[in-house]
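A.B. asks: Everything below, folded, please.
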Amino acid sequence: MEKTFKKQIALVDTGIVYAMSDKDDSWHERVKNFIKNSNDILTIPSTVAPEVCYLLNSYLGIEVERKFINSLILGELKVEHFKMEDLKRINELLKAYSDANIGFVDASIVAIAERLKVDRILTTDRRHFSIIKPSHCPIFTLLP
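C.D. replies: Residues are numbered from 1 along each chain as shown. Below is the predicted model:
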């Protein structure tokens, strides 16, 4: 009898996309291997895309930025748009974690994770996501 695995959503942060795009990034191999072997539904919050585009264009060029945009068009990453209800939670998180310099993008990932009941975040940012206390689970599982 073949085992079936329930697919889980993993929200994708900026650093992961950058690491996949830059072969010289210290996270590149780790991220590439994780994604290659992952059964997760990789989902990028729409709030992450502009930050990714800025970094890719600034450091790797317009063609790499366009390749990322094409990957979104092709559905290689599922896109989750933020909702008005997320903005209230984002604002709460920005206030609660102001000493830790949690920014809008990280707070949006948390708000979307809470709304979707997702506890898996694919990120290179251990500093911010390890201190945030989500409302729907004890802690986030930070991958890879």
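A.B. asks: tell me the SS of residue 42?
C.D. replies: Under DSSP: H, G, I helix; E, B strand; the rest coil, the three-state class of residue 42 is strand.
A.B. asks: Show the contacting residues for it.
C.D. replies: Shown in contact with residue 42 (CB atoms under 8 Å, 6 or more residues apart in numbering): 10, 12, 35, 76-78, 122. In this view, the C-beta of every residue, glycine as well, is placed from N, C-alpha and C.
A.B. asks: how near is it to residue 112?
C.D. replies: 14 Å (CB to CB, to the nearest Å).
A.B. asks: now the helices: where do they sit in this protein?
C.D. replies: Assigned helices in the chain, in chain order: 14-21, 28-37, 48-59, 62-73, 84-96, 104-116, 126-129 (criterion: DSSP state H).
A.B. asks: What is the worst-scoring helix or strand of the chain on mean pLDDT packed up against?
C.D. replies: Within the chain, no helix or strand scores below helix 126-129, which has a mean of 93 by mean pLDDT, DSSP states H and E. Applying 3 or more CB pairs under 8 Å, 6 or more residues apart in numbering; DSSP states H and E, one finds that helix 126-129 contacts helix 104-116.
A.B. asks: hmm, who's touching the helix it packs on?
C.D. replies: By CB under 8 Å, 6+ apart, the list of residues contacting helix 104-116 from outside reads 9, 11, 13-14, 45, 47-48, 51, 80, 82-83, 85-87, 89-90, 93-94, 97, 118-119, 121, 123, 125, 128-129, 132, 134-136, 140.
A.B. asks: Which of the contacts of residue 42 are buried, as a ChimeraX select command?
C.D. replies: What follows is the ChimeraX syntax for the buried subset of the contacts of residue 42, where burial is set by 16 or more other CB atoms under 10 Å:
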select :10,12,35,77,122
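A.B. asks: any chance of the contacts of residue 42 in CSV, plus distance to residue 70?
C.D. replies: Shown next, in CSV, are those (distance: CB to CB, whole Å):
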residue, distance to residue 70
10, 21
12, 16
35, 17
76, 9
77, 11
78, 15
122, 20
